[in-house]
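In: Build the 3D model from these lines:
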Amino acid sequence: MFDRLPFYASIQAITPIQKGYSVDKKFYIKDKDGKEFLLRLVSTDKASNQMPLLEKIKAIKNPYISHLVDYGSLTDTTDFLLFEWKQGVILRNVIHSLPIKQQYALGIECGQYLTEIHGISVDVQCHFLDYYQQKVDNKLKNANSIDIKVNHFDTFVDHLQSNIFLMKQRPIKIEHGDFHVGNMIYDGQHIHVIDWDRSEYGDPYDEFKPFAFNVEKSAAFQTGIIDGYFHGRIPDDFFPVLSVYAAEFCIGNLYWAYHFGKKEDMTMMYQLAETIYDYFKGFTQTTPTWYGKY
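Out: Alright, predicted model coming up:
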């Protein structure tokens, strides 16, 4: 199959990558000139949906954001996407060991990356509240189709439904879609953003929804992302909207773990829901307890 790749003759080594939850097949590639790449094999349908986004992302000249290098058809049902390879270690494994001030500074850096990503010009029309209501309805239907629920499930639902009006007239931007420490590489000085597998159009505030994965490792880092993104001037609507996304996150992720994850994923989602409930003090406040000054 690989011999159908247009750059096949230049490949020196190719190694499967088993990490991650994506159904895509991933490979590390090194060519004869010593250059390194990430190869993703994806369904043709998925590729056709993502390509307009990935082409737009090329407009970002930031060297710390992984870019699409090449793409094309491999078979009638499979396309290939070739990305830059970023050297370093997964940030999730090291961020907690760095000095607090450095954790915060790296968060600032990542927040500025997000500003660049969301600054890409898009021409997408969407009645966001209607779209989001349908998304929530689907998640509630899925959550109610299984016999198990996270603790405080009714509180999450009440907060979500009582505040869904905040989604009226939200802007639409390109999202990375999975912006957390598991999709970032640390090279000893800077952070590189990788893995555009879940890129999509959406509300830029939705990009902050996986905050719990970051806070678990470093509250200073997640605080830095927010401060860097907004240049220290956080809009009044940000934390209220984030709290809605947090409730949605807790409602939807247990269903995902039940059907697609492993036993440990179920346990993790239970724990995350409990933690997020505490972050917002049972949703009696919208600014999470972990946000502070560093």
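
In: Show me the shaky parts of the chain.
Out: Residues of the chain that meet the criterion pLDDT under 70 lie in 20-21, 261.

In: Just give me the longest helix of it.
Out: Of all the segments assigned as helix in the chain under DSSP state H, the longest by residue count is helix 238-260.

In: Now do that one: distance to the chain's middle.
Out: What separates the centre of helix 238-260 from the centre of its chain is 13 Å, taken as CA atoms, centre = their mean, to the nearest Å.

In: following that helix, which helix or strand comes up?
Out: On the C-terminal side of helix 238-260, the nearest following helix or strand under DSSP states H and E is helix 263-279.

In: Need the contact partners of that following helix.
Out: For helix 263-279, contacts defined as CB atoms under 8 Å, 6 or more residues apart in numbering pick out 150-152, 155-156, 212, 215-216, 246, 249-250, 253-254, 256-258, 261, 283, 288-290. For every residue, glycine as well, the C-beta is placed using N, CA and C.

In: So which bits of it are buried?
Out: If you call a residue buried by 16 or more other CB atoms under 10 Å, then helix 263-279 has these buried ones: 265, 266, 268, 269, 270, 272, 273, 276, 277, 279.

In: Would you mind listing which of the contacts of helix 263-279 are buried?
Out: When burial is judged by neighbour count using 16+ other CB under 10 Å, the buried members of those are 150, 152, 155-156, 212, 215-216, 246, 249-250, 253-254, 257-258, 261, 283, 288, 290.

In: ok, the buried residues of helix 263-279 vs residue 224, which is closest?
Out: In terms of CB to CB, no member of those lies closer to residue 224 than residue 279, at 17.0 Å.

In: now the helices for this structure?
Out: Here the chain has its helices, by DSSP H, at 44-57, 100-118, 128-144, 153-163, 211-215, 219-230, 238-260, 263-279.

In: what's in contact with the fourth one?
Out: Meaning helix 153-163. For helix 153-163, the surrounding residues in contact (CB under 8 Å, 6+ apart) are 136, 140, 143, 150, 240, 243-244, 247-248, 250-251, 273, 277, 282-283.
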